[in-house]
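# 3D, please:
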Amino acid sequence: MLRDLAPLFSYMRRYRLGYALGIACVVCTNAVWILFPRVLQAAIDDLDRGVSRAMIFKFAGLLVAISLIKGIFLYSQRWVLIGISRKIEFDLRNDLFRKLESQDSAFYRRFRTGDIMARMTNDLNAVRMLLGPALMYSANTIFFTVGALFFLLRISPFLTLVAWAPMPLASILVQYFGRKIHDRFEKIQESFSDISSQAQENYSGARLVRAFAREHSQIGEFERLNLRYIARAQRLVQLMGMLWPTLEFVLGISMVITLLVGGHLVISHQITPGQFVAFNTYMILLIWPIIAVGWVINLFQRGTASVKRIDELLRAVPLIDDSHADTTIDPETVLQGEIEFRHLSFKYDHTEVLHDISLRIPAGSSLAIVGPTGCGKSTLVSLLTRTHEAPDNTLFIDNRPIRAYPLAVLRRNIGVVPQETFLFSETIRENIAFGAPDATDQDLSQAIEAAHIRREFLEFPQGLETVVGERGVTLSGGQKQRSAIARALLKHPAVLILDDALASVDTFTEEQILNGLRDFTQATTSILISHRVSTVRGADQIVVLDHGRIVEAGNHEELIALDGYYASLHQKQQLEEELTVTS
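Got it, this is the predicted structure:
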């Protein structure tokens with residue numbers, strides 16, 4: 001059990017003083033409550049010496065005082081121990097989020113979004129119950145049971161022995177059911193993760209589901225996952241339904257033995273009536289702690305299963321980190337933007353995607369990359385942001401190996417507009433200012449103007465304060481892409497990467513945006529990926545990738561003269577434009 005809790009020890013140590021105070025309250029609660037049957041014993045045995053009003057008030061007052069003091073300490077232990085479990089839950093959630101923010105793309109290929117959400121909600125709740133109520137009730141059960149056993153032995157060792165004879169059976173049952181509960185709860189959590197993933201994917205892809213009329217199919221799949229979840233949950237409920245009545249049955253046997261044997265001892269004057277009442281009171285008071293063992297075992301097994309799932313996330317080590325970074329680099333460093341690939345080859349899942357890439361991009365210049373789908377264009381630029389890791393000494397920025405730069409420095413100096421635009425469910429202003437939250441209104445206005453979207457945003461009823469909805473659902477594809485361009489420009493990056501970022505706009509708007517970019521990024525190293533010749537023809541350099549190799553390189557005129565892939569692409573697109581005009 002302790003081994004299962006090992007990942008939580010560092011969190012528990014932070015609150016060791018609080019735990020010490022909570023345990024002290026537990027000890028005081030049980031130390032006071034354990035006297036309750038003793039007062040009853042004294043009151044009944046004193047009846048032999050006669051009853052007086054003073055005696056009744058004395059014992060009644062003692063019982064009230066014991067209950068009052070017990071209540072105060074009980075409240076204190078709950079406030080302290082349950083409060084600590086909430087604080088550890090808070091710490092765990094923050095650490096998990098921090099860990100998830102630092103993970104690389106390979107991590108998110110292993111763990112589905114819904115699964116991660118399930119671990120950060122359902123599993124965290126199970127861990128909180130383990131560190132709060134489970135520990136508190138365990139401590140109460142242990143201290144009260146030990147104290148009660150001490151007084152039971154003082155009353156009658158023989159009666160205690162026979163009354164507790166069925167207890168080993170309870171211990172065996174608890175161990176057996178505990179293992180079963182742990183296994184079944186792990187399966188329940190796996191099912192919950194599947195449900196969360198299914199829901200998350202359908203909410204995110206709602207438009208696609210409707211477009212292909214797959215609503216009934218997806219509803220059926222969701223229902224199937226829910227039925228499996230319910231079936232597994234019911235099997236756990238059946239197990240718990242067997243555990244508690246079984247424990248109660250064992251306790252019932254103990255009570256019957258106590259009444260039969262204890263009654264005989266009273267008749268034979270081996271114990272007093274007061275001792276008999278006190279013994280039975282202790283046994284009655286032990287019913288809830290022992291029954292609670294079943295509930296606590298359930299919480300412990302659920303909690304330890306969830307600790308394992310959470311620890312899997314906490315122990316995940318990012319494949320891309322700052323372990324090779326030069327610590328002498330100023331965190332506020334502004335890069336010049338000179339980029340050089342030196343005989344770079346890159347494999348993705350054991351498949352070579354890029355082969356022997358050698359390319360130099362001077363600071364402040366522009367590079368365009370064209371080529372057929374799947375030739376490695378996006379992979380090449382992803383190495384610049386270290387979304388994927390380039391081999392050692394094959395990629396340099398400002399004549400330094402890219403790994404020498406801390407990730408924060410590198411990514412702060414690079415602005416990226418990816419193929420798949422992502423917008424948060426916030427206002428337009430907050431989305432554009434995401435990478436530069438301290439930007440002035442003037443900077444924001446210039447970035448929006450350069451992205452050629454200012455007029456459209458101002459036509460919205462709330463202007464830049466318009467909430468775009470989840471993933472920017474209220475905006476068109478072109479508006480989302482231009483918002484992403486404005487977001488990248490607002491950072492004033494040393495390197496700007498546009499990965500097919502103009503695919504959703506018409507050629508006229510594209511030309512307007514390109515003109516705005518030239519004015520805005522005169523000192524910026526720009527890399528454009530596109531399938532349109534009109535997008536890339538003005539670049540200082542143009543390279544053609546095919547099967548991960550550079551097969552053509554030069555400016556627009558030079559590549560047209562080569563009469564290769566680029567020239568063919570240019571002729572094809574010119575023909576398409578002529579046909580469009582004619583029609």
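# now for L236, how many residues are close by?
19 (other CB atoms under 10 Å). To be clear about C-beta, it is placed using only N, CA and C from the backbone, and glycine gets the same treatment.
# kindly apply the preceding question to E459 instead.
Neighbours of E459 (other CB under 10 Å): 8.
# any idea of the pLDDT on it?
E459 carries a pLDDT value of 79.
# how much space between it and I453?
Note on E459: its distance to I453, by CB to CB, to the nearest Å, is 11 Å.
# number of nearby residues for S197?
S197 has 19 neighbours, counted by other CB under 10 Å.
# correction: the previous question concerned R110.
10.
# after the helix or strand of the chain with the lowest mean pLDDT, which helix or strand is next?
Taking mean pLDDT, DSSP states H and E as the measure, the chain has helix 206-211 as its least confident helix or strand, at a mean of 67. Remark: after helix 206-211, the chain's next helix or strand is helix 215-267, criterion DSSP states H and E.
# that next one: what's the following helix or strand?
helix 273-314.
# now that next one and helix 215-267, what's the angle there?
150 degrees (axes from the mean of the first three to the mean of the last three CA atoms, to 10 degrees).
# how far does helix 273-314 sit from the chain's center?
How far helix 273-314 lies from its chain's middle: 30 Å, per CA atoms, centre = their mean, to the nearest Å.
# could you pull out the buried residues of stretch 135-143?
Residues of stretch 135-143 classed as buried: 135-141, 143 (neighbour count, 16 or more other CB atoms under 10 Å).
# I should have written stretch 4-24 there, sorry.
Going by 16+ other CB under 10 Å, stretch 4-24 has these buried residues: 4-5, 7-8, 11-12, 15, 19, 21-23.
# can you list these in CSV and add distance to V32, pLDDT and secondary structure?
CSV is the format used below for these (distance: CB to CB, whole Å; pLDDT from 0 to 100; DSSP: H, G, I helix; E, B strand; the rest coil):
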residue, distance to V32, pLDDT, secondary structure
D4, 33, 75, helix
L5, 29, 81, helix
P7, 36, 86, helix
L8, 30, 88, helix
Y11, 31, 91, helix
M12, 27, 91, helix
Y15, 25, 93, coil
Y19, 20, 93, helix
L21, 17, 95, helix
G22, 16, 93, helix
I23, 15, 93, helix
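# closest one of the residues you listed to E332?
The closest of the buried residues of stretch 4-24 to E332 turns out to be Y11 (CB to CB; 33.8 Å).
# that closest one against L92, yeah?
Yes: between Y11 and L92 there is a contact under CB atoms under 8 Å: 6.6 Å.
# residue nearest the centroid of this structure?
M120 (4.1 Å; CA atoms, centre = their mean).
# quick check: phi and psi at it.
The phi/psi pair for M120 (degrees, to the nearest 10) reads phi -80, psi -10.
# distance between the ends of stretch 516-524?
Taking CA to CA, to the nearest Å, stretch 516-524 runs 13 Å from one end to the other.
# buried ones in it, by neighbour count?
Going by neighbour count (16+ other CB under 10 Å), the buried part of stretch 516-524 is 516-517, 520-521, 524.
# ok, stretch 562-571 next?
565-567, 569-570.
# from V543, how far off is G374?
16 Å.
# who has more neighbours out of those two?
Neighbours around G374 and V543, counted as other CB under 10 Å, are more numerous at V543. The numbers are 23 against 12.
# the more buried one should be in a helix, yeah?
No: using DSSP: H, G, I helix; E, B strand; the rest coil, the assignment for V543 is strand, not a helix.
# isn't K187 right up against R232?
Yes: K187 lies in contact with R232 (CB under 8 Å); the separation is 5.1 Å.
# A126 touches S306, doesn't it?
Yes: applying CB under 8 Å, one finds A126 in contact with S306, separated by 3.9 Å.
# and the contacts of the helix or strand harbouring L559?
In this assignment (DSSP H and E), L559 forms part of helix 556-562. Residues from elsewhere that reach helix 556-562 (CB atoms under 8 Å, 6 or more residues apart in numbering): 533, 536-539, 542, 544, 552-554, 566-567, 570.
# buried stuff in that helix?
Quick answer for helix 556-562 (16+ other CB under 10 Å): 556, 559-560.
# one more: stretch 391-410?
Neighbour counts using 16+ other CB under 10 Å place 394-398, 401-407, 409-410 of stretch 391-410 among the buried residues.
# same deal with stretch 296-306?
296-306.
# mind saving the C-alpha coords of it as PDB?
Extracted C-alpha coordinates of stretch 296-306, given in PDB (Å, rounded to 0.1, in the frame of the first residue of the first chain):
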ATOM      1  CA  VAL A 296     -12.100   3.000   3.200                       C
ATOM      2  CA  ILE A 297     -10.800   0.000   1.400                       C
ATOM      3  CA  ASN A 298     -12.900   1.100  -1.600                       C
ATOM      4  CA  LEU A 299     -11.500   4.600  -1.400                       C
ATOM      5  CA  PHE A 300      -7.900   3.300  -1.100                       C
ATOM      6  CA  GLN A 301      -8.200   0.900  -4.000                       C
ATOM      7  CA  ARG A 302      -9.800   3.600  -6.200                       C
ATOM      8  CA  GLY A 303      -7.200   6.100  -5.100                       C
ATOM      9  CA  THR A 304      -4.200   3.900  -5.600                       C
ATOM     10  CA  ALA A 305      -5.500   2.900  -9.100                       C
ATOM     11  CA  SER A 306      -5.800   6.600  -9.900                       C
END
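# neighbouring contacts of it?
For stretch 296-306, contacts defined as CB under 8 Å, 6+ apart pick out 1, 4-5, 119, 122-124, 126-127, 129-131, 133-134, 137-138, 141, 174, 177-179, 181-182, 185-186, 189, 240, 243.
# do the same with stretch 13-30
With CB under 8 Å, 6+ apart, stretch 13-30 has contacts from 12, 70, 73-74, 76-77, 80-81, 83-84, 87-88, 91, 136, 139-140, 143-144, 147.
# noted, bye for now.
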